[in-house]
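**Q** Let's see this in three dimensions:
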Amino acid sequence: MFVGKVIGNVVATKKDERLVGTKLLIVRPVDPWGRPDGPSQVAVDAVGAGIGEIVLVAEGSSARQAVRQPDSPVDAAIVGIVDSMEAKADEGIHPNRG
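**A** The predicted model follows:
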């Protein structure tokens, strides 16, 4: 699981039938200070997130369980909208990363 920021959406009129009716969003991982921290990826939205929101993203089988389709072609799913984050710089996390 990682924390990311929704930076866009994906419209795909032709897609696997198990994805019909799903909302696909582009999420960029962020560090505890909200700075970009890795490449963007597409995630299925399971909670009604929107562009600009900070979200929790589950990956792999956890993502497929979140969308209640264990055999679907889903690698990432948005499973929460973050209200706030707090981290201490001296807890082993380098504040200048990213």
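**Q** Is residue 65 located within a strand, as I assumed?
**A** No - counting by DSSP: H, G, I helix; E, B strand; the rest coil, residue 65 falls outside a strand, being helix.
**Q** list the contacts for it?
**A** Applying Cβ atoms under 8 Å, 6 or more residues apart in numbering, one finds that residue 65 lies in contact with residue 58. Glycine gets a C-beta too; all of them are placed from N, C-alpha and C.
**Q** any idea how far residue 72 is from it?
**A** Separation of residue 65 from residue 72 (Cβ to Cβ, to the nearest Å): 10 Å.
**Q** Could you say whether residue 62 sits in a helix, a strand or coil?
**A** Recorded secondary structure, residue 62: helix (three-state DSSP).
**Q** That one contacts residue 46, correct?
**A** No - look at residue 62 against residue 46 with Cβ atoms under 8 Å: they stay out of range, at 11.0 Å.
**Q** max-length strand in the protein?
**A** strand 2-10 (DSSP state E).
**Q** overlap in contacts of residue 62 and residue 46?
**A** Here residue 62 and residue 46 have 77, 79 as joint contacts, going by Cβ under 8 Å, 6+ apart.
**Q** Those two - which one has more neighbours?
**A** Taking neighbours as other Cβ atoms under 10 Å, residue 62 and residue 46 compare with residue 46 leading, 20 against 13.
**Q** Next up, the contacts around the more buried one.
**A** Residues counted as contacts of residue 46 (Cβ under 8 Å, 6+ apart) are 66-67, 77-79.
**Q** any idea how far it lies from residue 70?
**A** Distance, residue 46 to residue 70, using Cβ to Cβ: 14 Å.
**Q** How about residue 27?
**A** Using Cβ to Cβ, residue 27 is found at 22 Å from residue 70.
**Q** Then residue 87?
**A** Residue 87 is 33 Å from residue 70, where distance means Cβ to Cβ.
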